[in-house]
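Chemist: The following comprises the amino acid sequence and a computationally predicted model.
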Amino acid sequence: MGLHLACLAAFWTGVSWRSAALCVACYAVRMFGITAGYHRYFAHRSYKTSRWFQCVLAVIGSSALQKGVLWWAAHHRYHHQHSDEHEDVHSPARRGFWWSHAGWFLCTRYDETRFDLVKDLSVYPELRWLNRHERIPGIVLAIGCFLLLGWQGLVWGFFISTVLLYHGTFAINSLCHIFGRVRYDTGDDSRNSFMLALITFGEGWHNNHHFYSSSTRMGFRWWEIDLSYYGLRLLSILGIVWELRMPPVRVLQPAGAVVE
């Protein structure tokens with residue numbers, strides 16, 4: 001609530017092209033940290049990278065203030081095990097839209113990290129440290145925005161971009177289980193949404209993802225824009241990441257489709 005209220009300070013600070021550009025940049029970099037880092041790497045291990053870049057992804061993802069990297073990965077793995085079932089803590093069909101969108105995230109009942117679900121990640125002390133102190137990267141970013149452009153930089157570069165990030169990523173849990181197209185019979189309510197895919201750098205191809213979650217690429221068709229995948233492809237060319245997993249041919253064939 002404090003972050004949302006802080007956005008109202010924009011009426012006092014105003015906006016400039018530099019603060020707007022900073023807002024877009026902070027949104028884009030941190031969205032990549034969540035989608036390519038927290039989600040596709042830490043939660044699903046859909047590609048490989050070095051230990052130093054693994055830490056970079058964790059820091060960028062943590063700066064979005066969506067809780068610790070181990071908490072996020074553990075929760076998401078649990079979600080895939082129980083998607084839209086009674087155990088799923090953010091199923092809109094069973095718990096309501098607003099709870100699935102943000103209520104569960106704010107509820108202290110789910111603050112504990114399920115380390116038993118992320119044993120492969122818990123061996124890294126730097127990740128455990130970041131998980132305990134998940135707000136530090138966000139605080140450092142806020143200070144950096146203030147030093148760069150003053151109050152205007154803080155409001156637009158940090159507060160507004162963070163709130164936009166919240167609702168962009170939260171919409172995948174809520175809207176992508178209510179609105180959109182179903183291509184694959186996944187046994188849950190996951191949907192594909194072109195608009196949400198643009199906003200979330202590819203996460204909107206949610207039905208694709210729930211059908212074959214180990215794929216680095218979530219936009220299975222050529223026209224399904226997936227900005228996070230494009231970024232990872234570039235990083236693979238540079239040798240920073242490697243072994244990006246692709247959906248097998250059987251998944252891409254029309255025979256795998258139920259409804260288009």
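Modeler: Received the coordinates, thanks. Numbers count the residues shown, from 1 in each chain.
Chemist: Helix or strand: which one has residue 5?
Modeler: helix 2-6 (DSSP states H and E).
Chemist: Report how many residues lie close to the closest residue to residue 115 other than its chain neighbours.
Modeler: Using CB to CB, 6 or more residues apart in numbering and skipping residues adjacent in sequence, the residue nearest residue 115 is residue 122, 5.3 Å away. Every residue, glycine included, has its C-beta placed from N, CA and C. The number of residues packed near residue 122 is 17, by other CB atoms under 10 Å.
Chemist: which stretches of the stretch 151-260 of the chain have low pLDDT?
Modeler: 254-260 (pLDDT under 70).
Chemist: got the residue ranges for the helices in it?
Modeler: Counting by DSSP state H, counting those that start in this stretch, the segments of the stretch 151-260 of the chain that form helices are 161-174, 194-199, 206-211, 227-237, 249-252.
Chemist: again, but for the stretch 1-150 of the chain
Modeler: Under DSSP H, counting those that start in this stretch, the stretch 1-150 of the chain gives helices at 2-6, 10-13, 17-32, 51-62, 69-81, 92-95, 97-98, 104-106, 125-132, 136-153.
Chemist: For those, give me JSON lines that also has mean neighbour count and distance to residue 39.
Modeler: As requested, the helices of the stretch 1-150 of the chain are exported to JSON lines (neighbours: other CB atoms under 10 Å; distance: least, CB to CB, whole Å):
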{"stretch": "helix 2-6", "mean neighbour count": "12", "distance to residue 39": "21"}
{"stretch": "helix 10-13", "mean neighbour count": "13", "distance to residue 39": "29"}
{"stretch": "helix 17-32", "mean neighbour count": "18", "distance to residue 39": "10"}
{"stretch": "helix 51-62", "mean neighbour count": "19", "distance to residue 39": "9"}
{"stretch": "helix 69-81", "mean neighbour count": "21", "distance to residue 39": "7"}
{"stretch": "helix 92-95", "mean neighbour count": "16", "distance to residue 39": "19"}
{"stretch": "helix 97-98", "mean neighbour count": "12", "distance to residue 39": "22"}
{"stretch": "helix 104-106", "mean neighbour count": "16", "distance to residue 39": "15"}
{"stretch": "helix 125-132", "mean neighbour count": "16", "distance to residue 39": "15"}
{"stretch": "helix 136-153", "mean neighbour count": "17", "distance to residue 39": "17"}
